[in-house]
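> Kindly generate the corresponding structure for this input.
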Amino acid sequence: QVQLVESGGGLVQPGGSLRLSCTASGLTFNKYTISWYRRAPGKERELVASITTAGESTIYTGSMKGRFTISRDNARNMAFLQMNSLQPEDTAMYYCNAQQFFPQGGASDYWGQGTQVTVSS
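I've put the predicted structure just below:
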C-alpha cells in the first residue's frame with residue numbers, strides 16, 4: 001500500500017520559514033517525480049514545485065521562485081520543501097504528490113493527506 005505522509009506544517013509569522021517533509025512508503029521512490037501542491041481556501045489547487053527522480057531538475061511556479069526550495073533524499077524515501085520569507089498568501093494546505101510516467105503510456109499518481117501551513121501575525 002502506497003503512503004505519502006506530509007509533516008512540518010504549522011503557524012508561522014510573516015517572514016518566517018518552515019520545512020515540509022514528505023515520507024513515502026510502498027513505492028519505488030526513486031522512480032517517481034515528486035511535487036508539492038497547495039490549495040488555499042476558496043482557490044484552486046496549484047503546483048508549488050517539482051523535482052525529478054534523481055533530483056537533477058527542479059521547477060517552481062509563481063511567487064515561490066526564489067523563496068522555496070524542493071529537494072529529495074532517495075535513500076530515505078523522503079522529499080522536502082524549504083519555505084522562506086513566508087507571507088500570508090502562502091497560507092494553504094500543502095500536499096505531496098508522487099507521479100511516475102510509463103513508456104507505454106499512462107501513469108501512477110499518489111497523494112498525501114496534506115499538512116496545513118498558516119502564515120499570520
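> C-alpha only now, for contacts and for neighbours.
Fine.
> Excluding sequence neighbours, find me the nearest residue to residue 1.
residue 26 (5.3 Å; Cα to Cα, 6 or more residues apart in numbering).
> per-residue confidence at that neighbour?
If you check residue 26, the pLDDT there is 96.
> What count of nearby residues applies to it?
Neighbour count for residue 26, taken as other Cα atoms under 10 Å: 10.
> Kindly report the same for residue 121.
Burial of residue 121 is recorded as 10 neighbouring residues (other Cα under 10 Å).
> List the contacts of it.
The contact partners of residue 121, by Cα atoms under 8 Å, 6 or more residues apart in numbering, come to 12-14.
> Nearest to residue 120 among those residues?
residue 13 (5.0 Å; Cα to Cα).
> Give me the pLDDT for that closest one.
Per-residue confidence (pLDDT) for residue 13: 97.
> remind me, longest strand of this structure?
strand 92-101 (DSSP state E).
> Residues contacting it, please?
Contacts for strand 92-101 (Cα under 8 Å, 6+ apart): 4-6, 22, 31-41, 107-118.
> Many thanks, have a good one.
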